[in-house]
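Peer 1: Dropping the sequence and predicted coords here.
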Amino acid sequence: MTVFTMSGIKAYDIKARKKVLMKNPQPYLMRNGSWALKGTSAETGIKLFKIVGRAKPSIIQSRSEVFKNIFTSRQCECEKLC
């Protein structure tokens, strides 16, 4: 099992022509039995795909990312995300 952190996954962005951070990576099993990560580019917003091998990847969020997600996804009285 391969362990990745949410803040450390980089993949090649064709539009930006460089490696960028991947937002919201999800494990994906390909037809040949290999695992990959699917996500979106932090810079351009296009879909990214990174092949990681035969072992299933597990994605771990750091404590700061968990708390950031908890406190930034609250809805206020005006029904907007604040």
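Peer 2: Nice, thanks for sending it over. Small disclaimer: the values here were computed from a predicted structure and weren't measured. Numbering: from 1, shown residues only.

Peer 1: Number of residues surrounding Ala36?
Peer 2: Neighbourhood size, Ala36 [other CB atoms under 10 Å]: 17. C-betas here are computed from N, CA, C, even on glycine.

Peer 1: Could you verify that it is part of a helix?
Peer 2: No - counting by DSSP: H, G, I helix; E, B strand; the rest coil, Ala36 is located in no helix; its state is strand.

Peer 1: need the strands for the chain, in chain order.
Peer 2: 2-5, 10-13, 18-29, 35-41, 47-53, 57-60 (DSSP state E).

Peer 1: which parts of stretch 39-50 are buried?
Peer 2: Buried positions in stretch 39-50, judged by neighbour count with 16 or more other CB atoms under 10 Å: 39-41, 48, 50.

Peer 1: Give me the residues contacting it.
Peer 2: 9, 11-16, 20-26, 28, 36-38 (CB atoms under 8 Å, 6 or more residues apart in numbering).

Peer 1: Tell me how many other residues crowd Ile51.
Peer 2: Other residues near Ile51 number 11, with proximity taken as other CB under 10 Å.

Peer 1: mind listing what the residue lying closest to it once chain neighbours are set aside touches?
Peer 2: For Ile51, ignoring the flanking residues on the chain, the nearest one in space by CB to CB, 6 or more residues apart in numbering is Ala36 at 4.8 Å. Contacts for Ala36 were tallied using CB under 8 Å, 6+ apart; they are 27-30, 49-52.

Peer 1: Kindly report the same for Gly33.
Peer 2: Gly33 neighbours (CB under 8 Å, 6+ apart): Arg54.

Peer 1: and it, backbone torsions?
Peer 2: Phi and psi for Gly33, reported as degrees, to the nearest 10, are phi 100, psi 0.

Peer 1: if we can go back for a sec, tell me which two in the contacts of Ala36 are the farthest apart.
Peer 2: Leu29 and Lys50 (13.8 Å; CB to CB).

Peer 1: re earlier: wait, which of the buried residues of stretch 39-50 is closest to Pro57?
Peer 2: For the buried residues of stretch 39-50, the nearest to Pro57 is Lys50 (9.3 Å; CB to CB).
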